[in-house]
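Visitor: below are the sequence and a predicted model for it; my questions follow.
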Amino acid sequence: MNKTIINNLPSFTKARKRYPSKIVNFKVEVPESVTAKLSGKSFLIRTFGCQANIRDEESMAGLLKAANMQRTENEKAASVIIINTCAVREGAEQRIFGQIGNLKQLKLINRDLIIIVAGCVVQQEESLVKLRKTFPFIDIFMGTNAIHKLLNLIDTKITQNKKVVDVPSDDVTVYENVPVERIAPHKAFVNITYGCDKFCTYCIVPYTRGKERSRLPEDILRECKILVDSGYQEITLVGQNVNAYGLDLKNGTTFSYILEEVAKLGIARLRFITSHPWNFNDEMINVMAKYPNIMRKIHLPLQSGSDEILKLMGRRYTVKDYLELVSKLRAKMPDIVLTTDIIVGFPNETEAQFLETLKVVDKVNYEGAFTFIYSPRSGTPAARMVDNVSREEKGKRFDCLKELVDAQTETNAAKYVGKKCRVLVDGVSKKDINFLSGYTESDRVVHFEGPLALIGKIVEVKIIESRVYSFLGELVNE
Ligand code: SAH
Ligand code: SF4
Ligand code: F3S
């Protein structure tokens with residue numbers, strides 16, 4: 001007897017193809033078996049990876065809450081455990097394999113425990129095979145575009161007592177109105193696009209998240225309006241490449257339009273992530289400059305400072321284009337803060353090409369940068385390139401870049417000392433319960449003493465010490 005029900009298996013060939021996307025209004029129905037078995041019980045979700053995964057966790061939590069379950073952080077108390085995975089680099093994937101391995105013990109104690117693996121790792125053909133083989137105790141594999149089916153997949157598991165695999169690569173439907181249980185009470189992520197069409201040659205995301213599809217402006221605005229009305233202070237518009245928002249709708253809707261419309265709703269702070277330099281146009285810069293509630297901070301991945309490498313990466317901009325964009329942004333908004341992502345050791349990157357990256361980093365002067373050693377992802381074009389650069393050499397380049405980036409980060413952080421910043425108070429500091437912590441407009445963490453009543457408010461804080469990745473501040477009495 002086959003013990004697994006396979007609804008859909010992932011396929012990179014299918015993920016590469018283009019499908020017309022459609023929008024479906026989702027209506028939650030809790031299957032009887034789920035109510036009977038899980039109502040009043042607890043769930044635990046561990047999320048790795050980017051904002052897309054975090055926002056997916058909120059939908060999974062929303063669905064489980066609709067089934068009258070509650071969140072727990074205690075593995076032993078959970079009846080459902082979901083591991084929401086990231087596949088962007090090999091290291092990320094390996095960490096997840098470790099985490100899943102640890103769950104076997106729990107299954108031995110609690111035979112009814114339902115273990116689900118979701119997210120980007122299961123969307124990879126080879127990884128799914130490996131996961132199924134290595135961890136036979138996993139009950140459900142759920143793809144990134146099957147989240148709305150969560151309760152039905154659990155129903156199948158319970159009623160048929162079989163494992164379930166539902167990982168489609170060709171379903172590009174946008175599901176609206178999936179219940180949501182937000183993680184933070186004052187700050188929210190709002191998806192504007194799903195997937196990615198850029199197919200940068202090193203990147204697995206277009207395969208794991210599918211084709212780029214935009215939500216309709218009215219759906220985005222409705223979600224944002226609810227957030228504003230319920231007292232949220234900050235919205236971050238989320239997409240792998242927010243600047244491409246609307247292009248697939250083919251009706252003239254653009255990112256600058258949705259950015260402006262959300263800004264007009266009157267949210268105190270509006271952010272967006274991530275920006276692809278290629279699609280960042282003047283109109284977007286103008287909207288940013290016009291609305292003070294759009295935060296002057298952009299994460300603008302550079303990836304490499306060499307035109308040849310950028311071309312091999314399929315990034316579709318040159319160093320000149322990138323630097324011109326930076327100049328334009330700074331001309332319109334002199335106080336703009338820039339952060340970036342950089343990959344070192346792309347296949348066959350020469351020493352000279354690496355030095356060009358250092359030059360650009362030096363020129364732009366970032367407030368922070370995430371630096372990565374190139375990690376081949378099976379199925380991507382770059383993974384098929386023969387690479388003549390040793391691991392050791394890549395490691396050396398990485399350390400060299402890190403030194404420059406750290407020095408920049410430190411110098412730029414030191415500039416805050418003595419300044420007053422507007423801080424959105426997140427809650428009690430995780431490191432010291434006598435302190436509150438919050439974020440500046442440029443998205444830097446500040447710890448300071450103050451009453452609990454300030455949580456969720458925006459207050460003025462004077463920075464008195466820089467600890468590079470966080471600040472110590474003093475509340476300014478207004
Ligand atoms: N959509 C976003 C984020 C993509 S993933 C963007 O385009 O910026 C976040 C970062 O991970 C990327 O910016 C890139 O710097 C890094 N990254 C992606 N694939 C990688 C790989 N195969 N090896 C090393 N770093 C990678
Ligand atoms: Fe990956 Fe490029 Fe898409 Fe970013 S824009 S998610 S790096 S393919
Ligand atoms: Fe990771 Fe998937 Fe995001 S691979 S970075 S969780 S889109």
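Guide: That came through fine. Residues are numbered from 1 along each chain as shown. Ligands and ions are numbered 1, 2, ... in the order given.

Visitor: what residues does this structure have near ligand 2?
Guide: Within reach of ligand 2 by C-beta under 6 Å from any ligand atom, the chain has these residues: Cys196, Lys198, Phe199, Cys200, Cys203, Val205, Pro206, Gln240, Asn241, His276. To be clear about C-beta, it is placed using only N, CA and C from the backbone, and glycine gets the same treatment.

Visitor: which residues of this protein lie near ligand 1?
Guide: 88-89, 202-203, 205, 240-241, 274, 276, 301, 303, 341, 343, 372, 374-375, 377.

Visitor: same thing but at 5 Å, please
Guide: Residues of the chain found near ligand 1 (C-beta under 5 Å from any ligand atom) are 88-89, 202-203, 240, 274, 301, 341, 343, 372, 374-375, 377.

Visitor: buried among these? Make that a PyMOL selection.
Guide: Restricted to buried positions by 16 or more other C-beta atoms under 10 Å, the PyMOL selection for the residues of the chain next to ligand 1 reads:
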select buried, resi 88+89+202+203+240+274+301+343+372+374+375+377
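
Visitor: what's the local residue count around Lys27?
Guide: 8 (other C-beta atoms under 10 Å).

Visitor: likewise Val129?
Guide: Neighbour tally, Val129, other C-beta under 10 Å: 12.

Visitor: how would you label it: helix, strand or coil?
Guide: Put simply, Val129 is helix when judged by DSSP: H, G, I helix; E, B strand; the rest coil.

Visitor: any idea how far it is from ligand 1?
Guide: 20 Å (C-beta to the nearest ligand atom, to the nearest Å).

Visitor: excluding chain neighbours, what is closest to Phe48?
Guide: What sits nearest to Phe48 in space, not counting adjacent residues and going by C-beta to C-beta, 6 or more residues apart in numbering, is Cys86, at 4.2 Å.

Visitor: where does the prediction get shaky in this structure?
Guide: Along the chain, the parts satisfying pLDDT under 70 run over 1-2, 478.

Visitor: closest residue of it to ligand 3?
Guide: The chain approaches ligand 3 most closely through Gly49 (2.7 Å), counting by C-beta to the nearest ligand atom.

Visitor: backbone dihedrals for that residue, please?
Guide: phi 100, psi -150 (degrees, to the nearest 10).

Visitor: quick one: contacts for it?
Guide: Shown in contact with Gly49 (C-beta atoms under 8 Å, 6 or more residues apart in numbering): Asn84, Thr85, Cys86, Val88, Ala92, Gly119, Cys120.

Visitor: go again using 7 Å as the cut-off
Guide: For Gly49, the contact set (C-beta atoms under 7 Å, 6 or more residues apart in numbering) comprises Cys86, Val88, Ala92, Gly119, Cys120.

Visitor: and Glu324, how many neighbours does it have?
Guide: Residues near Glu324, counting by other C-beta under 10 Å: 13.

Visitor: can you confirm it is in a helix?
Guide: Yes: the assignment for Glu324 is a helix, going by three-state DSSP.

Visitor: if I look at it, how far off is Lys363?
Guide: Counting by C-beta to C-beta, to the nearest Å, the gap from Glu324 to Lys363 is 12 Å.

Visitor: list phi and psi for Val190.
Guide: Per degrees, to the nearest 10, the backbone of Val190 is at phi -130, psi 120.

Visitor: isn't it right next to Ile220, touching?
Guide: Yes: if you go by C-beta atoms under 7 Å, Val190 and Ile220 touch, sitting 6.3 Å apart.

Visitor: could you pull up the contacting residues of the closest residue in space to Lys107 that isn't next to it in sequence?
Guide: Using C-beta to C-beta, 6+ apart and skipping the chain neighbours, the partner closest in space to Lys107 is Phe137 (4.7 Å). Counting by C-beta under 7 Å, 6+ apart, Phe137 touches Lys104, Lys107, Ile115.

Visitor: tell me the phi and psi of the second one?
Guide: Summarising the backbone geometry of Lys107 under the convention degrees, to the nearest 10, its torsions are phi -70, psi -30.

Visitor: can you get me a residue count around it?
Guide: Counted with other C-beta under 10 Å, Lys107 comes out at 17.

Visitor: what does the first one give?
Guide: Residues near Lys104, counting by other C-beta under 10 Å, number 13.

Visitor: tell me the contacts of it?
Guide: Applying C-beta under 7 Å, 6+ apart, the residues contacting Lys104 are Phe137.

Visitor: what's it sitting at in phi/psi?
Guide: Dihedral angles (degrees, to the nearest 10) for Lys104: phi -60, psi -40.

Visitor: for it, give its distance to Gly473.
Guide: From Lys104 over to Gly473 (counting by C-beta to C-beta), the distance is 45 Å.

Visitor: show me how far stretch 25-39 is from its chain's centre.
Guide: For stretch 25-39, the separation from the chain centroid amounts to 28 Å (computed by C-alpha atoms, centre = their mean, to the nearest Å).

Visitor: check what contacts it and list those residues.
Guide: 63, 66-69, 79-80, 148, 151-152, 154-155, 158-159, 175-179.

Visitor: filter those residues to the buried ones?
Guide: Looks like the contacts of stretch 25-39 have 63, 66-67, 69, 79-80, 148, 151-152, 154-155, 158, 175-176, 178-179 buried, using 16+ other C-beta under 10 Å.

Visitor: of all these, which two lie farthest apart?
Guide: The most widely separated members of the buried ones among the contacts of stretch 25-39, counting by C-beta to C-beta, are Ser79 and Glu176 (28.5 Å).

Visitor: returning to what we had before: now, which of the contacts of Phe137 sits nearest Gly40?
Guide: Ile115 (19.7 Å).

Visitor: that closest one: which element?
Guide: strand 114-119 (DSSP states H and E).

Visitor: who does that strand pair up with?
Guide: strand 80-85 (parallel), strand 140-142 (parallel) (DSSP bridges).

Visitor: and Leu454, which of those is closest to it?
Guide: The closest of these to Leu454 is strand 80-85. By C-beta to C-beta, the value is 31.6 Å.

Visitor: and that closest one with ligand 3, contact?
Guide: No: against ligand 3, strand 80-85 shows no contacts by C-beta under 5 Å from any ligand atom, the least distance being 7.2 Å.

Visitor: now that strand: buried residues?
Guide: In terms of neighbour count (16+ other C-beta under 10 Å), strand 80-85 has its buried residues at Val80, Ile81, Ile82, Ile83, Asn84, Thr85.

Visitor: surely the second one and Ile115 touch.
Guide: Yep, that's Ile81 we're talking about. Yes: counting by C-beta under 7 Å, Ile81 does reach Ile115; the two are 5.3 Å apart.

Visitor: any common contacting residues for these two?
Guide: The contact lists of Ile81 and Ile115 share Leu103, where a contact means C-beta under 7 Å, 6+ apart.

Visitor: so the residue in the stretch 1-150 of the chain positioned nearest to ligand 2, which of the three states?
Guide: Ranked by C-beta to the nearest ligand atom, the top residue of the stretch 1-150 of the chain for proximity to ligand 2 is Val88, at 8.1 Å. Look at Val88: counting by three-state DSSP, its state is coil.
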